[in-house]
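> Provided below for reference: sequence and predicted model.
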Amino acid sequence: MADDALCTAMEPDGTHGTDGTDGTWQDAGPFLRGTAWFDERGRALRADPADLDRLPWDAAQRAALPIGVRLEFTAAPGTRAVALHYRARVPGRADALRELAHCFALWEGGRLLGETFARPAKDAVVVLELPPRPGPFTVHPPEWAAPRLLALRAVGGAVAPAPARPRWVVHGDSITEGWWSTRPAHSWPAVAGRALGLDAVNLGYAGAARGELPIAEQLAALPAQLLTLAFGTNCWGRIPHSAPLLYETTRAFLALVRAGRPRTPLLLLSPVLRPEAESTRNALGATLAELRAAMEEAVRDRVAAGDDRLALLSGRDVLGPQDLADGLHPNDRGHALIARAVAGALRDAGFAGTPRAPGRGLPGARGVGIGAD
């Protein structure tokens, strides 16, 4: 546990107001951040529920998980804690994910205040003690058990939804989804979103993100102040692409996004380092280095044709082998380095924050980082 936050967990008896708090239960909806769509039951989805039948099954399956969804609130004077009512999937005895941490993390800005570990439950309440400050505070719930945040209430004061921040929609694969980061708050979209003061909406789909054109059309219809695309590594092995095919796929994907978001700032991050794939040819004869070059060429060609709200960040030199947990997915340091590179590129393009002064990148990011605020 960190600093001055205390977290406890308890089971409700089926009715609100039995957890010892003295506030009024409020619907969690206005407090939720990182959301894109909702289904008819009010659950956050990461793909358009009216268009799921056009998505590959792996993308649709991952879209059901509330990756990146969190609560953000401010606290009135005298507020000692906040209670959260949630429901989560309870793993079976043979579930491979059964032993993963079911952790609720309380953050204030870029500072972790505390964590609590509670067991997944079909219906439960967790209480997090707050420091005597107004916040805003963020609660990152566990993601793997697909918890649905239902309601919250203040202890000894009042809580209100935090002010809305500009929406930053990030689409990518398992790396964007946050694989091998030790906590949801450590994924690179979460880290960069905090650094830039953005509402990061994580549309990373593990195993998918191969330039699926229905996803491009969904992004085009989704309101956003900023977009980032970070796909391509699954075009090497899982569904093999040739370099010409990925060039045309990238061009088509960008064209469809621009059909609905013609002036929204957009950054494309090409695939980060994948040592086994860099010089190894896939079933269609392409190395990841060649696929990366094809994506980057597609972006440069579109910029040359007049898209002045499009920027490119090459992923090749963002990470080193030591920043990968398994040769593919970044560890926490790797996620932090991607966040620094992406945030720096967004600043330098004038899409977010303040452009970095020369030499002000953070150390350890190979010259690409977040400038000091």
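Sure, I can see it.
> give me the below-cutoff pLDDT ranges for the stretch 101-250 of the chain.
Using pLDDT under 70 as the threshold, the predicted model of the stretch 101-250 of the chain has low-confidence ranges 101.
> ok, Ala289 touching Ser279?
Yes - taking contact to mean CB atoms under 8 Å, the distance of 6.5 Å between Ala289 and Ser279 places them in contact. C-betas here are computed from N, CA, C, even on glycine.
> which residues in the stretch 101-250 of the chain form helices?
174-177, 188-196, 213-221, 243-260 (DSSP state H, counting those that start in this stretch).
> and what of the stretch 251-373 of the chain?
Counting by DSSP H, counting those that start in this stretch, residue ranges of the helices within the stretch 251-373 of the chain are 288-304, 332-348.
> ok so, going back, higher neighbour count, Ala289 and Ser279?
Between Ala289 and Ser279, counted using other CB atoms under 10 Å, Ala289 has the larger neighbour count: 17 against 10.
> list the contacts of that one.
278-279, 316 (CB atoms under 8 Å, 6 or more residues apart in numbering).
> redo the helices of the stretch 251-373 of the chain as CSV? Include mean pLDDT.
What follows is these, written out as CSV (pLDDT from 0 to 100):
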stretch, mean pLDDT
helix 288-304, 98
helix 332-348, 98
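> tell me which of the ones you listed is the most buried.
Using mean count of other CB atoms under 10 Å, the stretch among these with the largest mean neighbour count is helix 332-348, at a mean of 24.
> how far off helix 188-196 does that one point, in degrees?
Direction vectors for helix 332-348 and helix 188-196, defined by axes from the mean of the first three to the mean of the last three CA atoms, to 10 degrees, enclose an angle of 50 degrees.
> which other helices and strands contact helix 332-348?
Using 3 or more CB pairs under 8 Å, 6 or more residues apart in numbering; DSSP states H and E as the contact definition, the elements that helix 332-348 packs against are helix 188-196, strand 226-230, strand 266-269, strand 310-313.
> which strands or helices does the last one pack on?
Spelled out, that is strand 310-313. strand 266-269, helix 288-304, helix 332-348.
> nearest to Ala44, of the ones you listed?
With respect to Ala44, and counting by CB to CB, the nearest of the helices and strands packed on strand 310-313 is helix 332-348 at 22.0 Å.
> pretty sure Arg316 is touching Leu273, no?
Yes - the pair Arg316 / Leu273 is scored as a contact, 6.4 Å apart, by CB under 8 Å.
> count the neighbours of Pro163 for me.
Applying other CB under 10 Å, we find 8 residues neighbouring Pro163.
> make that Asp326, sorry
Using other CB under 10 Å, Asp326 is surrounded by 9 other residues.
> quick one, what contacts it?
By CB under 8 Å, 6+ apart, Asp326 lies in contact with Trp180.
> ok, back up a step: can you redo the helices and strands packed on helix 332-348 as TSV with mean neighbour count and distance to Pro134?
Supplementary listing: those in TSV, determined by neighbours: other CB atoms under 10 Å; distance: least, CB to CB, whole Å:
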stretch	mean neighbour count	distance to Pro134
helix 188-196	26	18
strand 226-230	25	27
strand 266-269	25	33
strand 310-313	22	35
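> next, format those as JSON lines and append distance to Val155.
As requested, those are arranged in JSON lines below (distance: least, CB to CB, whole Å):
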{"stretch": "helix 188-196", "distance to Val155": "26"}
{"stretch": "strand 226-230", "distance to Val155": "36"}
{"stretch": "strand 266-269", "distance to Val155": "41"}
{"stretch": "strand 310-313", "distance to Val155": "44"}
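> between these, which gets nearest to Pro91?
Taking CB to CB as the criterion, Pro91 comes closest to helix 188-196 out of the helices and strands packed on helix 332-348, the separation being 23.9 Å.
> which residues sit against the closest one?
Looking at helix 188-196 with CB under 8 Å, 6+ apart, the contacting residues turn out to be 68, 107, 109-110, 140, 168, 170, 175-176, 178, 181, 184-185, 198-200, 202, 204, 228, 330, 335-336, 338-340, 342-343, 346-347, 352-353, 370, 373.
> for Ala325, find the nearest of the helices of the stretch 101-250 of the chain.
Once the helices of the stretch 101-250 of the chain are compared by CB to CB, helix 174-177 is nearest, at 10.7 Å.
> need the pLDDT of Gly20.
Per-residue pLDDT puts Gly20 at 39.
> number the chain from 461, please
Happy to do that; since the first residue is 461 now, the last one works out to Gly480.
> what's the neighbour count on the residue nearest to Ala618 when sequence neighbours are not counted?
Once its chain neighbours are removed from consideration, Ala618 has its nearest residue in Ala536; the separation is 4.2 Å (CB to CB, 6 or more residues apart in numbering). When counting by other CB under 10 Å, one arrives at 12 neighbours for Ala536.
> can you pull the contacts of Ala536?
Counting by CB under 8 Å, 6+ apart, Ala536 touches 594, 614, 617-620.
> for Gly794, same thing?
With contacts defined as CB under 8 Å, 6+ apart, Gly794 is in contact with 640, 779, 783-785.
> now Leu706
Per CB under 8 Å, 6+ apart, neighbours of Leu706: 671, 692, 695, 746, 751, 754-755, 758.
> would you turn the helices of the stretch 561-710 of the chain into JSON lines with distance to Leu512?
Listed next are those as JSON lines, based on distance: least, CB to CB, whole Å:
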{"stretch": "helix 634-637", "distance to Leu512": "18"}
{"stretch": "helix 648-656", "distance to Leu512": "22"}
{"stretch": "helix 673-681", "distance to Leu512": "9"}
{"stretch": "helix 703-720", "distance to Leu512": "18"}
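> that older thread, now the two most distant members of the contacts of Ala536.
Taking CB to CB as the measure, the contacts of Ala536 span a maximum distance of 12.2 Å, between Pro594 and Ala614.
> between those two, which one's more packed in?
A direct count of neighbours by other CB under 10 Å for Pro594 and Ala614 places Ala614 higher, at 24 against 17.
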